[in-house]
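>>> structure of the sequence below:
(4 chains)
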Number of protein chains: 2
Amino acid sequence: MGIPEPSISADEMRAWAALFETSNIVQYAADRNLRDSVGLTLAQFEILLRIGEAGTDGRRMTDIADSLTVSRSGLTYQVGQLERKELVLRQPAPDDDRSVIAHITPTGLELLRAGIPGYVDLVREMLFDRLSHADLMTVTEILDDVRRQLKEQPKRSTYRRARRAAAPVGTGADAGPAAGAVPIAE
Amino acid sequence: MGIPEPSISADEMRAWAALFETSNIVQYAADRNLRDSVGLTLAQFEILLRIGEAGTDGRRMTDIADSLTVSRSGLTYQVGQLERKELVLRQPAPDDDRSVIAHITPTGLELLRAGIPGYVDLVREMLFDRLSHADLMTVTEILDDVRRQLKEQPKRSTYRRARRAAAPVGTGADAGPAAGAVPIAE
DNA sequence: TATTGTTATACTCTATAACTATA
DNA sequence: TATAGTTATAGAGTATAACAATA
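Residues are numbered from 1 along each chain as shown, chains lettered A, B, ... in the order given. Model prediction:
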């Protein structure tokens, strides 16, 4: 009863909680801010950013999906929203007739320019005004490396299978399996 | 045209992107994993974790909401889902008749124990197997500090007002305001 | 008056899988 | 066969504001 060893996983889960919550709090705030300032959700704004970054060349749909945490159909939906607002234009790719290239429109670019300063400011005020530049670089190096690794393999639309079958929600009777004590955190 | 100085904000936005994307990728994977293994979304599982951690005392709804990125009504909805599955039980608070305390049920505890190992493993494999323990501690210290600060003031259900009025989406004509060049990132 | 929590409505988004078309 | 993208549909989740009750 009760777990004595601080155990590695406790450290890890605190680290994960810090990452998780910090990221979510800022994302939430950015979402509210962007809805107010430019009428887009954070998800939409991030997509528009990706497309805008590509300049006049535009960007393939799959490319965009891979650079974000969005499914194909989810991206189709969101780009559809952007297109309805005339911030984006889809055109067939010249080299591969299966592909579609999304281009940013002048209106879209305008909106991007209107939204970016506030977005940058918000992230700075919430995150970076509380960090030394050294810490900033440290975190970036570490996380950027992890991110790069994570983006390599999963190839999007694949996901880890469960490693452990469990009661499918309602099966209220089966011997307690894994952990043995009330205190969570392990 | 084109932005010469790498500018602080470019560094910052890369740091933010690393945090943002890493967190999202892992959250997405954890969500899929938990749906498979215990039939809960990550959001629901996190709520159940909060309630489970509190043990027999249970936990006030507001308390839970404040420890997460959920609105009051959103929490009511999600706890309602958990209650329908009999993983949680709500009872009026003895000391404050406005408050409601959520308790975990034996079934809920069982499910928590079934789900935690896989969750911990996933986070470890995706995140911490790619980090030295020193880096782990560094990131935790830095982010934990930021998180603590962020959680103090915003007091939940408040949010920053937009700092800059902008075209409400469809106003396709007004002089380009803020930034001056195509390349985004500033 | 401020807080706690719930409800109601409308809407947005997501999951899933089927489907078309090209490589 | 595999990849690119869309569609359809059902369901889950969210935003907003109004509401009741207690502090």
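
>>> tilt between the longest helix along chain A and helix B:7-38?
Determined from DSSP state H, the single longest helix within chain A is helix A:7-38. Here the directions of helix A:7-38 and helix B:7-38 differ by 120 degrees (axes from the mean of the first three to the mean of the last three CA atoms, to 10 degrees).

>>> buried sites along the helix or strand following helix A:7-38?
Per DSSP states H and E, the first helix or strand lying C-terminal to helix A:7-38 is helix A:42-53. Within helix A:42-53, the residues scored as buried using 16 or more other CB atoms under 10 Å in any protein chain shown are A:42-52. For glycine as for every other residue, the C-beta is placed from the backbone atoms N, C-alpha and C.

>>> can you tell me which of the residues you listed is nearest B:Ile101?
When the buried residues of helix A:42-53 are compared for distance to B:Ile101 (CB to CB), A:Leu42 wins out at 33.3 Å.

>>> residue boundaries of the strands in chain A?
A:59-60, A:88-92, A:100-104 (DSSP state E).

>>> can you tell me which of those comes nearest to A:Met13?
Closest to A:Met13 of those, according to CB to CB: strand A:59-60, at 36.8 Å.

>>> name the residues that touch the closest one?
For strand A:59-60, the surrounding residues in contact (CB atoms under 8 Å, 6 or more residues apart in numbering or on different chains) are A:50-51, A:53, A:93, A:99-102.

>>> flag the shaky bits of chain A, pLDDT-wise.
A:1-7, A:153-186 (pLDDT under 70).

>>> mind running it again at 80?
Within chain A, the stretches with pLDDT under 80 are A:1-9, A:152-186.

>>> DNA strand D contacts on that one?
A:31, A:35, A:60-63, A:65, A:72-73, A:75-77, A:79-80, A:90, A:93, A:96, A:98-101 (CB under 7 Å from any atom of the strand).

>>> buried ones only from those, please, as a ChimeraX command.
Of the residues of chain A next to DNA strand D, the buried ones can be selected in ChimeraX as follows, counting by 16+ other CB under 10 Å:
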select /A:31,35,60,61,63,65,75,79,100,101
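
>>> out of the residues of chain A next to DNA strand D, which are inside helices?
Per DSSP H, those map to helices at A:31, A:35, A:61-63, A:65, A:72-73, A:75-77, A:79-80.

>>> for beta bridges, what are the partners of A:Leu89?
Beta-bridge partners for A:Leu89, by DSSP bridges, are A:His103.

>>> and it, how far from A:Trp16?
40 Å (CB to CB, to the nearest Å).

>>> now, the most widely separated pair of the ones in helices among the residues of chain A next to DNA strand D?
Applying CB to CB across those, the maximum distance is between A:Arg35 and A:Thr62, 27.5 Å.

>>> related to what we said a few turns ago, tabulate the buried residues of helix A:42-53 (a markdown table), appending distance to B:Arg113.
Listed next are those as a markdown table, based on distance: CB to CB, whole Å:
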| residue | distance to B:Arg113 |
| --- | --- |
| A:Leu42 | 35 |
| A:Ala43 | 34 |
| A:Gln44 | 39 |
| A:Phe45 | 40 |
| A:Glu46 | 37 |
| A:Ile47 | 39 |
| A:Leu48 | 43 |
| A:Leu49 | 42 |
| A:Arg50 | 41 |
| A:Ile51 | 45 |
| A:Gly52 | 47 |
